[in-house]
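> give me coordinates for this.
(one chain, ligands or ions: 1)
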Amino acid sequence: MPQKVISIRPDTRGTGAQAPRYDGGRLVDTLGRPMRDLRISVTDRCNFRCTYCMPREVFDADYKFLPHEAILSFEEITRLARVFVGLGVQKLRLTGGEPLLRRGLPDLIAMLAPLGADLTLTTNGSTLVKHARALKEAGLDRLTVSLDSLDEATFRKMNDADFPVEKVLDGVTAATEAGFSQIKINMVVKRGVNDGQIVEAARHWRDSGHILRFIEFMDVGSTNGWRMDDVVPSAEIVRRISDAFPLEQVEANYAGEVAERWRYKDGAGEIGVISSVTQAFCRDCNRMRLSTEGSLFTCLFAQQGHDLKSLVRSGAHDDDIRDRVAAVWRARDDRYSEIRTAETPRAKKVEMSYIGG
Ligand code: SAM
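The predicted model follows:
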């Protein structure tokens, strides 16, 4: 039984001294990695209690989610996103928590779309039937839907909110009808929980035009009771699927792509595997995360963020924000997954629902 924790939000470093002026030069971190991808958490709340992400014992009725005044407004998010795009960010992903719980989300999408970055959203799909069309019309480019199992009992057990598979599938259909194509379907695999359904999921999504992606169960946060024994290595997943439907590897779309791509030899589409535990990809990691309350995290496994909200709310000029972000990126040296040991999962890390998945 995980220990009861009331507040598990991380420390945040203040904006500190004035950052040096950004010289406009190539922006890479200490390991030579460029900045490409920004994930923005728009809420720390979720209507699911996935056991591996927001276990109900911790995120219960007593849990204190962020009050409205603490979270970034749409105007603040857009202002920050504009600065990041100006520094070279090419992709913005809205996430959470469950991003579709944030009221008026299509308005934010309409504000972000003109920035010209690839605009994507990750959702549990529970309210997509209602929102898919508005998201498309607002300018959302792409969609990722999480669905860990097609088996009713397993899915309900994993989301721990008694939510049915059918409603998520209806959401994917609604999104397809609204004009989204090649939707990514995320399946987190936990041994002994849903690994028996890997091949079934592959069978379902083959030939659908959508892309099923298997994610290794990760030791994010400090509340999900992670154990290496629960991880099903991607290599095993590929082997199991390939025994039923032969696969061959495909080149990455771009350097730093999270998923390794495999396609069905019979032309029925492709799958992806995200092996952040067994084949760490820190070497090419070009991602940052902006938390719901405006802290910048340079690694999913970070213990500390960099407070941008205070800067935004203190009347700073956009150039000051740009200088701060550039300085944070240039100092970045994170490579948690490469140096993970038996001990590191026990470290106090930020929760994914707060930082953005
Ligand atoms: N609520 C949205 C959703 O369900 O997709 C967005 C947020 S969720 C944190 C983003 C993704 O992170 C989901 O696909 C979820 O399954 C995945 N995730 C959460 N905790 C994880 C963990 N411990 N290991 C691997 N993936 C995880």
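> residues in contact with whichever residue of the chain sits closest to the ligand?
Ranked by Cβ to the nearest ligand atom, the top residue of the chain for proximity to the ligand is Gly357, at 2.5 Å. The way it works is simple: take the backbone N, C-alpha and C, and place the C-beta from them, glycine included. By Cβ atoms under 8 Å, 6 or more residues apart in numbering, the contact list for Gly357 reads 39, 53, 95-96, 122.
> same question for Phe245.
Contacts of Phe245 by Cβ under 8 Å, 6+ apart are 202-203, 206, 264, 266, 268.
> and Leu119, by the same measure?
92, 94, 109, 112-113, 139-142.
> that older thread, now, which of the contacts of Phe245 sits nearest Val250?
When the contacts of Phe245 are ranked by distance to Val250 (Cβ to Cβ), Tyr264 comes first, at 10.5 Å.
> against Pro67, how distant is the residue nearest to that closest one when sequence neighbours are not counted?
Among residues not flanking Tyr264 along the chain, Phe245 sits closest, at 5.4 Å (Cβ to Cβ, 6 or more residues apart in numbering). Separation of Phe245 from Pro67 (Cβ to Cβ, to the nearest Å) stands at 49 Å.
> just Arg133 next, same as before
31 Å.
> which one's more surrounded, those two?
Arg133 (16 against 8; other Cβ atoms under 10 Å).
> once you drop chain neighbours, what's closest to the more buried one?
Ala178 (4.5 Å).
> and that neighbour, its phi and psi?
Per-residue torsions, Ala178: phi -80, psi -10 (degrees, to the nearest 10).
> swap in Arg39?
Per degrees, to the nearest 10, the backbone of Arg39 is at phi -100, psi 130.
> partner residues bridging it?
Arg93, Arg289 (DSSP bridges).
> ok, it touching Thr95?
Yes: between Arg39 and Thr95 there is a contact under Cβ atoms under 8 Å: 5.5 Å.
> from the contacts of Gly357, list the buried ones, please.
Neighbour-count burial (16 or more other Cβ atoms under 10 Å) is assigned, among those, to 39, 53, 95-96, 122.
> next up, the contacts around Glu260.
Glu260 is in contact with 234, 249, 252, 272-275, 279, counting by Cβ under 8 Å, 6+ apart.
> from those, which land in helices?
When DSSP state H is applied, these are split such that Ser234 fall in helices.
> count of neighbours near the nearest residue to Gly116 once chain neighbours are set aside?
Nearest residue to Gly116, sequence neighbours excluded (Cβ to Cβ, 6+ apart): Val85, at 6.9 Å. By other Cβ under 10 Å, the residues close to Val85 number 17.
> any idea how far the one helix or strand Val85 maps to is from the chain center?
Using DSSP states H and E, Val85 sits within helix 74-86. Centroid separation for helix 74-86 versus its chain: 18 Å, with Cα atoms, centre = their mean, to the nearest Å.
> now do that helix, average pLDDT.
Average pLDDT, helix 74-86: 98.
> buried set for it?
Buried-residue list, helix 74-86, by 16+ other Cβ under 10 Å: 74, 77-85.
> swap in stretch 235-251?
Buried residues in stretch 235-251 (16+ other Cβ under 10 Å): 236-238, 241, 247.
> how about it against the ligand, any contact?
No: Stretch 235-251 stays out of contact with the ligand when judged by Cβ under 6 Å from any ligand atom, the minimum separation being 13.3 Å.
> assign a three-state SS to Pro20, would you?
coil (DSSP: H, G, I helix; E, B strand; the rest coil).
> what's the local residue count around it?
Using other Cβ under 10 Å, Pro20 has 11 other residues around it.
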